[in-house]
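A.B. asks: Okay, predicted coordinates and the sequence, questions at the end:
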Amino acid sequence: MNTATSMPPRVLIAESDPWMRDLLSQMLLDVRCDARLQACATGPEALEHLREPPDLVIAARELLGISGLDLLRGVRKSPRLSALPFILLSERSDSASVREVLPLAPTAYLTKPLNMTSLKARLQTLLSGSAEVGVCRIPQIAAGTTLEQYLTRRRLDCDGGPLLCDVQAAVQRALGPQGLNLKVLEANVRSDPQVTGVLVSAANSAAKQGAAPVLTLMQALQALGPTQSMNLLLGMTTRPSAYLSDPLLFEQAEICWNRSTHTAEFARNIAHQQNVDEWRCYCAGVLHCLGDLALLRVLQEWRLAGGELDQTKLTYALRTFGAPYGSELHRRWRLPLELREMIAAAYQLGGGVYTREKLIVNIAAQMASLGADEDVTQIAQGKPARLLKIGVSQLNWWRGAPMIR
């Protein structure tokens, strides 16, 4: 490890799962915020990065093209790289697999799902050889950069929305003598759009080819399992601007969250009455404001970096960039098409087939947008309500039902 100089360490991460790759990257930055990261998804890409020796390699055994195990073999045979610290991650924990690796002297052989606490401790030992870690400051906005330019650029790499529930407290409440209770955890975080979006996306990313798409938070938790779910949840809390601290932005986030929660609960109640999967409709309702919330998180980063913001600029930004941010996140996170179509139905039905799920989410979003003095007559007269044979009395009953956060 080259810590004798002031040059920050360079770390190569080779992992095919994008969410695990992102989680590892964030953990490394949490340990050394000045670390220079190179991340890739395949063995050949990792081999190319090894042409310039990094200070540490973290690689999955199950890489495509060239396995992580073969990368480790090549590193140990190379006079130039033989002493390179190399952490090998694997889904295989059987004794034969472990015996195969040990002669190659990996710095660590860690099996998935990872124990992130243990991994973080190892990284702190490996990367803290220099006492001059320093304080990583938020980079200031380049002179002349407009808010519109900044938001346009950040749309392609934003981390999603802020956390709106206390994730660490939710995890603690779900921990018991038998480990993490997924049912309790789901009940405590289900209304948070960022939690739902990340876990549903991660579960679909990790799913085996041909598996049915994951469309609800509970399905995601079950697919990921307790350890990986907890790792992803706690990893979210360490990211920049994970929680909003700016009063103006937090107030707007509360408005978006209330609209999402009301839409989700209305959708759940209507779906139950219609004998439709209520949690799929609930999930779509929770996620339909994620674009606005992601934009608010980026706006906080704009302010922290020295940018100016007032109510007029905030209103303009939401009107101009909220929908594009949502569309980009759905695409980049690869949410299942069925779920994306249900989310889109919260705004308009468009053409194509009117599934009951889409009709339900559309009605729910209309209900959530009603002002205190507005009645439900216009919704009852609309096409979605007529197709589902929902009248004014039912809509009024759902409107008066308690909302569960």
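C.D. replies: On my side now, so go ahead.
A.B. asks: And Arg51, how far from Asn115?
C.D. replies: Arg51 sits 32 Å away from Asn115, going by C-beta to C-beta, to the nearest Å. For glycine as for every other residue, the C-beta is placed from the backbone atoms N, C-alpha and C.
A.B. asks: ditto for Glu45
C.D. replies: Between Glu45 and Asn115 the computed distance is 27 Å (C-beta to C-beta).
A.B. asks: what about Cys158, which SS state?
C.D. replies: Here Cys158 is coil, with the state taken from DSSP: H, G, I helix; E, B strand; the rest coil.
A.B. asks: wait, what's in contact with it?
C.D. replies: 294-295, 297-298, 325, 328-329 (C-beta atoms under 8 Å, 6 or more residues apart in numbering).
A.B. asks: try 6 Å
C.D. replies: By C-beta atoms under 6 Å, 6 or more residues apart in numbering, Cys158 lies in contact with 294, 298.
A.B. asks: just the one 4 residues further on next, same as before
C.D. replies: When contacts are counted by C-beta under 6 Å, 6+ apart, Pro162 touches 243-244, 297.
A.B. asks: Now, of these, which are buried?
C.D. replies: For those, a neighbour count by 16 or more other C-beta atoms under 10 Å gives the buried set as 244, 297.
A.B. asks: Filter the contacts of Pro162 down to just the ones in strands.
C.D. replies: Among the contacts of Pro162, DSSP state E puts none in strands.
A.B. asks: Give me the more crowded residue out of Arg51 and Asn115.
C.D. replies: Asn115 (13 against 6; other C-beta atoms under 10 Å).
A.B. asks: check which helix or strand covers the residue of the chain most remote from its centre.
C.D. replies: Distance from the centre of the chain peaks at Pro79, with 40.3 Å (C-alpha atoms, centre = their mean). Assigned by DSSP states H and E, Pro79 belongs to no helix or strand.
A.B. asks: Averaged pLDDT, stretch 145-156. What do you get?
C.D. replies: For stretch 145-156, the mean pLDDT works out to 95.
A.B. asks: All the helices of the stretch 101-250 of the chain, residue numbers only.
C.D. replies: Secondary structure of the stretch 101-250 of the chain by DSSP state H, counting those that start in this stretch: the helices cover 116-127, 147-154, 167-174, 182-189, 193-206, 217-237, 247-273.
A.B. asks: Which of those sits closest to Leu64?
C.D. replies: Ranking the helices of the stretch 101-250 of the chain by their distance to Leu64 (criterion: C-beta to C-beta) puts helix 193-206 first, at 14.4 Å.
A.B. asks: okay, how far is it across stretch 84-98, tip to tip?
C.D. replies: Length of stretch 84-98, first residue to last, C-alpha to C-alpha, to the nearest Å: 20 Å.
A.B. asks: ok, the residue farthest from the centre of the chain to Val57 distance?
C.D. replies: Distance, Pro79 to Val57, by C-beta to C-beta: 17 Å.
A.B. asks: gap between Lys120 and Ile66?
C.D. replies: 27 Å.
A.B. asks: And the chain, split by domain according to the record?
C.D. replies: Domain segmentation of the chain under automatic domain parsing yields 10-127, 147-400.
A.B. asks: can you redo those as CSV with distance to Gln140?
C.D. replies: Shown next, in CSV, are the domains of the chain (distance: least, C-beta to C-beta, whole Å):
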stretch, distance to Gln140
domain 10-127, 16
domain 147-400, 5
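A.B. asks: Let me know which of those is the nearest to Pro139.
C.D. replies: Pro139 sits nearest to domain 147-400 of all the domains of the chain, at 6.5 Å, using C-beta to C-beta.
A.B. asks: distance between that closest one and the chain's centre?
C.D. replies: Distance of domain 147-400 from the chain centroid (C-alpha atoms, centre = their mean, to the nearest Å) equals 12 Å.
A.B. asks: same thing with stretch 99-110?
C.D. replies: Offset of stretch 99-110 from its chain centre (C-alpha atoms, centre = their mean): 31 Å.
A.B. asks: Of the helices of the stretch 101-250 of the chain, which stretch is the most buried?
C.D. replies: Most buried of the helices of the stretch 101-250 of the chain, by mean neighbour count (mean count of other C-beta atoms under 10 Å): helix 193-206, with a mean of 25.
A.B. asks: Residues contacting that one, please?
C.D. replies: Residues from elsewhere that reach helix 193-206 (C-beta under 6 Å, 6+ apart): 17-19, 160-161, 163, 189, 214, 217, 220, 223-224, 232, 260, 286-287, 290, 293, 333, 335.
A.B. asks: Relative to Glu254, how far out is Gly307?
C.D. replies: With distances taken as C-beta to C-beta, Gly307 is found 22 Å from Glu254.
A.B. asks: actually Met218, sorry about that
C.D. replies: Distance of Met218 to Glu254, computed by C-beta to C-beta: 25 Å.
A.B. asks: now do Asp70
C.D. replies: For Asp70, the distance to Glu254 equals 51 Å [C-beta to C-beta].
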